[in-house]
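Visitor: Pasting a predicted model and its sequence here:
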Amino acid sequence: MIVTTEKLTKRYGDRAVVDEVSLSVRRGEVYGFLGPNGAGKTTTIRMLLGLVKPTSGTASVLGEAPGAPKALLRVGSLIEGPGFYPYLSGRDNLRVHAHRRGVGRTQVEAALEQVDLVAAAGEKFRRYSLGMKQRLGVAAALLGRPELLVLDEPTNGLDPAGMADMRDLVRALAAQGQTVLLSSHLLGEVEEICDRVGVIAQGRLVAESTVEQLRGDSVLLIRADPIEKAQVLIEGSTVHGDVLHVRETDAGALVRVLVAADVDVREVRPLRRTLEEVFFEMTGAA
Ligand SMILES: Nc1ncnc2c1ncn2[C@@H]1O[C@H](COP(=O)(O)OP(=O)(O)OP(=O)(O)O)[C@@H](O)[C@H]1O
């Protein structure tokens, strides 16, 4: 495990902004920390980075207490936009960051390449689009070749093209073996790029699993005629309007049974709850 928390809690006054959160991030995965605005994502991330002191509970980042110098050197983060100088180029900005971190210039070039900013590296930061600024922020976080990359709402405020670029970037980093913990309030985003998801609502972790598991068991939708006969033939099926639902089994076998009994099969497909449906169920119930 790269990150584990045990009943991590942060109270402001008598309000638990993060409430007994126990989560774990494994090496090599992209972990999505998903929840609506104000759910407690940033506060949790800030605790993991040693920027906020937990009220109670524990956390371990790369085997160290959060904020321990040893761990911090191995973690790269993008949280609330890094400080960049508007009149320096992207490259020079990174060189400043690299210098501060004691990282060599070759890594600046490598980071520029990783975030696809080589062509624009000589341009002044203030001329960058928001998406480019955000990618430069990721490049800065990559300096020092961190074992863990923490990105707080990396696509926030970006236009659709910028968001797509950022998603591609995260996927590319993951393909290189980079462990990433990112927060998002966008389901589609998390669904697209994350291996596992922790869902947080009102400070509480309401689920932690793979995206697949989160959706729950898959159900097959079957459109057949006559439907009554089909229902009798398929054990455990239920009628919903003019279609049947049955827990996903061997679809081929089902179709053979129906056809052998002279039932016309017009449609068979997996009926998946969208992550959105699951999410609203969970966060609504929290
Ligand atoms: N220093 C603080 N003092 C009091 N309340 C705070 C403090 N920091 C955060 N909060 C409150 O804690 C709650 C959770 O904030 P947090 O920023 O962790 O949420 P979030 O899930 O990251 O949401 P967002 O995406 O909007 O940043 C919010 O209601 C916020 O107002």
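Guide: Nice, thanks for sending it over.
Visitor: can you pull out the helices in the stretch 101-250 of the chain?
Guide: With helices called from DSSP state H, counting those that start in this stretch, the stretch 101-250 of the chain shows them at 105-114, 130-142, 160-175, 187-193, 211-215, 227-233.
Visitor: packing partners for the fifth one?
Guide: The elements that helix 211-215 packs onto, with contact taken as 3 or more CB pairs under 8 Å, 6 or more residues apart in numbering; DSSP states H and E, are strand 196-201, helix 275-285. For glycine as for every other residue, the C-beta is placed from the backbone atoms N, C-alpha and C.
Visitor: wait, what's in contact with residue 75?
Guide: Contact analysis of residue 75 by CB atoms under 8 Å, 6 or more residues apart in numbering lists 49, 61-62, 146-150.
Visitor: Which among these count as buried?
Guide: 49, 61-62, 146-150 (16 or more other CB atoms under 10 Å).
Visitor: any residues touching stretch 8-24, and which ones?
Guide: Residues contacting stretch 8-24 (CB under 8 Å, 6+ apart): 1, 3-7, 33, 40, 43-44, 47, 52, 54-59, 198, 200, 202-205, 208.
Visitor: Can you list which of those residues are found in strands?
Guide: 3-7, 33, 56-59, 198, 200, 204-205, 208 (DSSP state E).
Visitor: Closest one of these to residue 162?
Guide: Among the ones in strands among the contacts of stretch 8-24, residue 33 lies closest to residue 162 (CB to CB), at 20.5 Å.
Visitor: What count of nearby residues applies to that closest one?
Guide: Counted by other CB atoms under 10 Å, the residues lying close to residue 33 total 31.
Visitor: Check it and give its pLDDT.
Guide: At residue 33 the predicted local distance difference test score is 94.
Visitor: May I have the residues that are in contact with the closest residue to it other than its chain neighbours?
Guide: Nearest residue to residue 33, sequence neighbours excluded (CB to CB, 6 or more residues apart in numbering): residue 183, at 4.2 Å. By CB under 8 Å, 6+ apart, the residues touching residue 183 are 32-35, 41-42, 45, 151-153.
Visitor: mind checking how far stretch 144-162 is from the chain centre?
Guide: Centre-to-centre, stretch 144-162 and its host chain are 10 Å apart (CA atoms, centre = their mean, to the nearest Å).
Visitor: Mean confidence (pLDDT) on it, please.
Guide: Averaging pLDDT along stretch 144-162 yields 93.
Visitor: Flag every buried residue along it.
Guide: Counting neighbours by 16+ other CB under 10 Å, stretch 144-162 gives 144, 146-156, 158, 162 as buried.
Visitor: How about stretch 47-60?
Guide: 47-50, 52, 54, 57, 59-60.
Visitor: just to revisit the earlier point, out of the buried residues of stretch 144-162, flag the one nearest to the ligand.
Guide: The nearest member of the buried residues of stretch 144-162 to the ligand, counting by CB to the nearest ligand atom, is residue 153 at 5.8 Å.
Visitor: which one is the closest one nearest to, not counting chain neighbours?
Guide: Residue 153 sits nearest to residue 183 (CB to CB, 6+ apart), 5.5 Å away.
Visitor: ok, residue 207 to the ligand distance?
Guide: Using CB to the nearest ligand atom, to the nearest Å, we find residue 207 at a distance of 15 Å from the ligand.
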